[in-house]
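Participant: any chance you can model this:
(one chain, ligands or ions: 2)
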Amino acid sequence: MITDLPLVARLALALDAVLSAPDPAAALDQLWPAHRRPPTPGLADQVAAAEREAHAVLVAEGPHIGSAGVKAPAWADVPPWLRSTYVLAAAQLMLGIGERCRHALTSTGPQPMWVAVWRPELLACRRCASSGVFRLPPGSDADRRCDGCGRVREGDLAPGRLQCGFMTVLYRSCADCRPSKGWA
Ligand SMILES: [Zn+2]
Ligand SMILES: [Zn+2]
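Facilitator: Ligands and ions are numbered 1, 2, ... in the order given. Coordinates of the predicted model:
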């Protein structure tokens, strides 16, 4: 029974359904009507600014991670192992659970956040994400493991990013698991 799942898992599934809907905005209105009346004046503008900043970081990082280009994927094209990290992190954020870097904990408004497939419980700000909170011991099995198939690979892992709203998921994938739609 789906109702036996913890709240965070149920919320994650609901968010996945919203993102999969033909009209995600309308699906969100139905799931969570209150979001149209944000309790804080200016919150919608702050969220939009955080989204723009997250996207700007993605665009700037593209050439450094060998990305073919930055393109918003259709949610249906995002592999399940990647979309599950995103919706679980978003659900944790909405419920105020999970681990946060100290800046994310003390932040007073929306800001871009990063999460890694290999460390899905931690949400970090840009400063912490770029200073290595997600770094794995170089050369370790964990560092050489594909986030898609879970196999330890020799040399063919490529870094990737999934940005949706103000949250970005970091991942590494082997040639077999790499999303093929040309997005970062
Ligand atoms: Zn931080
Ligand atoms: Zn793989």
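Participant: low-scoring stretches of this protein, by residue?
Facilitator: Within the chain, the stretches falling below the threshold (pLDDT under 70) are 1-3, 38, 66-72, 180-184.
Participant: how about the strands in the protein?
Facilitator: Across the chain, reading from the start of the chain, the strands by DSSP state E fall at 99-100, 113-116, 119-124, 158-164, 167-173.
Participant: what's the most buried one of those?
Facilitator: strand 113-116 (a mean of 26; mean count of other CB atoms under 10 Å). All C-beta spots, glycine's among them, are computed from the backbone N, C-alpha and C.
Participant: packing partners for it?
Facilitator: helix 80-95, strand 119-124, helix 126-130, strand 167-173 (3 or more CB pairs under 8 Å, 6 or more residues apart in numbering; DSSP states H and E).
Participant: mind saving the C-alpha coords of it as PDB?
Facilitator: What follows is strand 113-116, C-alpha atoms only, in PDB (Å, rounded to 0.1, in the frame of the first residue of the first chain):
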ATOM      1  CA  MET A 113      21.000  24.000  -3.800                       C
ATOM      2  CA  TRP A 114      23.000  21.000  -4.900                       C
ATOM      3  CA  VAL A 115      22.600  17.300  -4.100                       C
ATOM      4  CA  ALA A 116      24.600  14.300  -5.300                       C
END
